[in-house]
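> What shape does this take:
(chains A and B)
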Amino acid sequence: MTTTSAPPIPVPARRTRRPRGRRAAALSFKYVALLFFAILILLPLYILLVASFKGTAEADPSNAWALPDTWTFGAWRDAWNQLRPNLANSFYLVIPATVLSTVLGSLNGFVLSRWRFPGSDVVFLFLLFGLFIPYQAVMIPLGQLFADVDFPSGIPRLAFAHIVYGIPITTLIFRSYYATIPEDLIEAARMDRAGMLRTYWSVVLPLSAPAFVVAAIWQFTSIWNDFLFAVFLITDPSKWPVTVALNNTTGSLVTPYNLQMAAALLASLPTLVVYILLGRFFIRGLLAGSLKG
Amino acid sequence: MKNIRRWGPGLLMVLPSILLIAVFVYGLIGWNVKVSFSDWRQAQETTGFSTVAYSELFPPGTDPAWTEAVKHVLLFTGAFMIGTLLIGATIALLLDKGVKGEGFFRAIYLFPLAVSFIAAGVVWRWLMNPAPGDRGTGLNLLFDKLGLDFLANEWYLGPDWGATALALPAIWALSGYVMALYLAGFRGVPEELREAARMDGASEYRVYRHVVFPHLTPVTLSALIILGHISIKVFDLIVAIGGKQFITQTPAVYMWILIFDARDYAKGAAIATILLVAISFLVIPYMIYTVRTERRT
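Now for the predicted structure:
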């Protein structure tokens, strides 16, 4: 078998002279390797799915890798009953926070790329630093500040934090995107003596749909998946978003593992659905996050 | 200044964001540093200046829990960066020339990014259950069934290298991301350059070695910095897998325990400050570099 011993990169022989057999071997090696990585990546998902559809009697660790004999929704139903209020909390949190931080990002991005003012590049850097700070470095004073000014506790605090700390990434995504709008369009609007808001509203905004999708997916996913802010800022368990509730349920040793797996899947379902439907925008957001917009 | 009518509205529009970031990023960082130089423990905030928190963290060895936490995060970071870069770059190389079903493969490799570290931690904690072979669950059981018993191990509970096992779920989660970065990098190399090298008789191997790879230094740099800053502050994943156990603690987890269990705000703030300084060393030069290159083009 040459398939297992071939190097992972095209065989170091001259392209034109490479014999057919070796090329085919290299190609099939490629697929074997790609499949191998795909299986590794899917392994945890397999366990999550298989375990979540097992009944409590069957959920014994010794046959964990086998498919369920009888498929049941019992674990899913239990997980749903336990997590339902927290799933609702997460939606109450994520939807307004995503909408507001996306709108802010769009306005900022427009000004910083297409309606600049003296020093706007410095302002951009000033905002951008917020993208990289470890949130631990603001967490203690943030909790203190919320308490000092009597900010409405629970979800509003969390939403506010996500909006503020979302400004850098959404601004970055929109700024990179607007930089690709032809300058002529903006200039034409200026020639017509259109003001900033008018230019934004009638020229830029209609072109912004892709950037809105990218930024919204990014914010939706990262706010939904956040654990750090929630665990520091929310003390009332009835206000916990689903990540904290999930960690709390599954951290307990008495929770049967089929229920743990169903709960983990259930808590991930919204972001997974978004990923499946809008995956290509998701990837664009990722690459924007590396500053390479 | 006379063009203020032209640029004034723009500044006004961004002003709320500038103020919010000024207060909630820079202001609170300052406040946190102040807390770290106080003796705020248990009781309400005090105002005096004190270095007691730092004196408990330095020199190394003063606080065994802190020393362990730093050791864990260093091991974790090493394993995480090497693993993620190698796997991500390998997959990108495999996909570079275009294979049938590329979109399908990419979708699989990237899906872990949509899953929270908490949810991933639930399944990985189970996969990495330390009980051995036939009595085990998860991977140890799988190894046993496949006749690969020698691979079975204690995973994250291993006393010396446990922290590297904690990196496995993080590698799982972020390899796809590195793949996407490299794939974009590979495809950003103009095809004419590769073609020119081939015309000169270079083998495919040499085309990559001498034409493609040298173009990828910025990509590798981005990847290292992004992975590094994720790694230094790693928190969710550790909590989901190890809880508050001493053996899996990282600085971010230790800080959390100090605040919620010991109510030692000064020391928690000191650790947060140290995390910030460590990350700034990575990120600030990178930000300046990126903005400069952007300006040049």
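
> what about the helices in chain B?
Per DSSP state H, chain B carries helices over the ranges B:4-21, B:28-36, B:52-55, B:64-96, B:102-110, B:117-127, B:138-145, B:162-188, B:191-199, B:204-206, B:217-232, B:236-242, B:251-260, B:265-296.

> Output those helices as JSON lines; include the columns distance to chain A, mean neighbour count and mean pLDDT.
All C-beta spots, glycine's among them, are computed from the backbone N, C-alpha and C. Converted to JSON lines, the helices of chain B look like this (distance: least, CB to the nearest CB, whole Å; neighbours: other CB atoms under 10 Å in any protein chain shown; pLDDT from 0 to 100):
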{"stretch": "helix B:4-21", "distance to chain A": "4", "mean neighbour count": "16", "mean pLDDT": "91"}
{"stretch": "helix B:28-36", "distance to chain A": "4", "mean neighbour count": "20", "mean pLDDT": "95"}
{"stretch": "helix B:52-55", "distance to chain A": "12", "mean neighbour count": "17", "mean pLDDT": "90"}
{"stretch": "helix B:64-96", "distance to chain A": "5", "mean neighbour count": "20", "mean pLDDT": "95"}
{"stretch": "helix B:102-110", "distance to chain A": "5", "mean neighbour count": "18", "mean pLDDT": "92"}
{"stretch": "helix B:117-127", "distance to chain A": "4", "mean neighbour count": "26", "mean pLDDT": "93"}
{"stretch": "helix B:138-145", "distance to chain A": "6", "mean neighbour count": "20", "mean pLDDT": "84"}
{"stretch": "helix B:162-188", "distance to chain A": "6", "mean neighbour count": "23", "mean pLDDT": "93"}
{"stretch": "helix B:191-199", "distance to chain A": "7", "mean neighbour count": "13", "mean pLDDT": "88"}
{"stretch": "helix B:204-206", "distance to chain A": "4", "mean neighbour count": "16", "mean pLDDT": "86"}
{"stretch": "helix B:217-232", "distance to chain A": "5", "mean neighbour count": "19", "mean pLDDT": "90"}
{"stretch": "helix B:236-242", "distance to chain A": "4", "mean neighbour count": "25", "mean pLDDT": "93"}
{"stretch": "helix B:251-260", "distance to chain A": "6", "mean neighbour count": "22", "mean pLDDT": "95"}
{"stretch": "helix B:265-296", "distance to chain A": "4", "mean neighbour count": "18", "mean pLDDT": "88"}
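
> is it possible to export those helices to JSON lines including distance to A:G119?
Listed next are the helices of chain B as JSON lines, based on distance: least, CB to CB, whole Å:
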{"stretch": "helix B:4-21", "distance to A:G119": "9"}
{"stretch": "helix B:28-36", "distance to A:G119": "22"}
{"stretch": "helix B:52-55", "distance to A:G119": "36"}
{"stretch": "helix B:64-96", "distance to A:G119": "36"}
{"stretch": "helix B:102-110", "distance to A:G119": "38"}
{"stretch": "helix B:117-127", "distance to A:G119": "38"}
{"stretch": "helix B:138-145", "distance to A:G119": "55"}
{"stretch": "helix B:162-188", "distance to A:G119": "31"}
{"stretch": "helix B:191-199", "distance to A:G119": "39"}
{"stretch": "helix B:204-206", "distance to A:G119": "48"}
{"stretch": "helix B:217-232", "distance to A:G119": "26"}
{"stretch": "helix B:236-242", "distance to A:G119": "37"}
{"stretch": "helix B:251-260", "distance to A:G119": "35"}
{"stretch": "helix B:265-296", "distance to A:G119": "14"}
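
> In the stretch 151-293 of chain A, where is pLDDT below threshold?
Low-confidence regions of the stretch 151-293 of chain A, defined by pLDDT under 70, span residues A:253, A:288-293.

> how about a cut-off of 50?
Where the stretch 151-293 of chain A drops to pLDDT under 50, the residues are A:291-293.

> what sits against residue 75?
Defaulting to chain A. Contact analysis of A:A75 by CB atoms under 8 Å, 6 or more residues apart in numbering or on different chains lists A:51-56, A:59, A:256, A:258-259, A:261-262.

> looking at chain B here, not the other one
By CB under 8 Å, 6+ apart, the contact list for B:L75 reads B:161, B:163-164, B:167.

> what do you get if the cut-off is 6 Å, keeping everything else the same?
Listed by CB atoms under 6 Å, 6 or more residues apart in numbering or on different chains, the contact partners of B:L75 are B:163-164.

> what does the one 4 residues further on give?
For B:A79, the residues meeting the contact criterion (CB under 6 Å, 6+ apart) are B:164, B:167.

> swap the cut-off to 8 Å and go again
B:A79 makes contacts with B:163-164, B:167, B:171, as judged by CB under 8 Å, 6+ apart.

> Grab the most central residue of chain B for me.
For chain B, B:I230 is the residue whose C-alpha lies nearest the centre (CA atoms, centre = their mean; 2.1 Å).

> gap between that residue and B:L237?
Taking CB to CB, to the nearest Å as the measure, B:I230 and B:L237 are separated by 10 Å.

> any common contacting residues for the two?
By CB under 8 Å, 6+ apart, B:I230 and B:L237 have these common neighbours: B:A170.

> can you pull the contacts of A:A79?
A:A79 sits next to A:52, A:259, A:262-263, A:265-266 when contact means CB under 8 Å, 6+ apart.

> Which residue ranges of the stretch 151-293 of chain A form strands?
Counting by DSSP state E, counting those that start in this stretch, no segments of the stretch 151-293 of chain A form strands.
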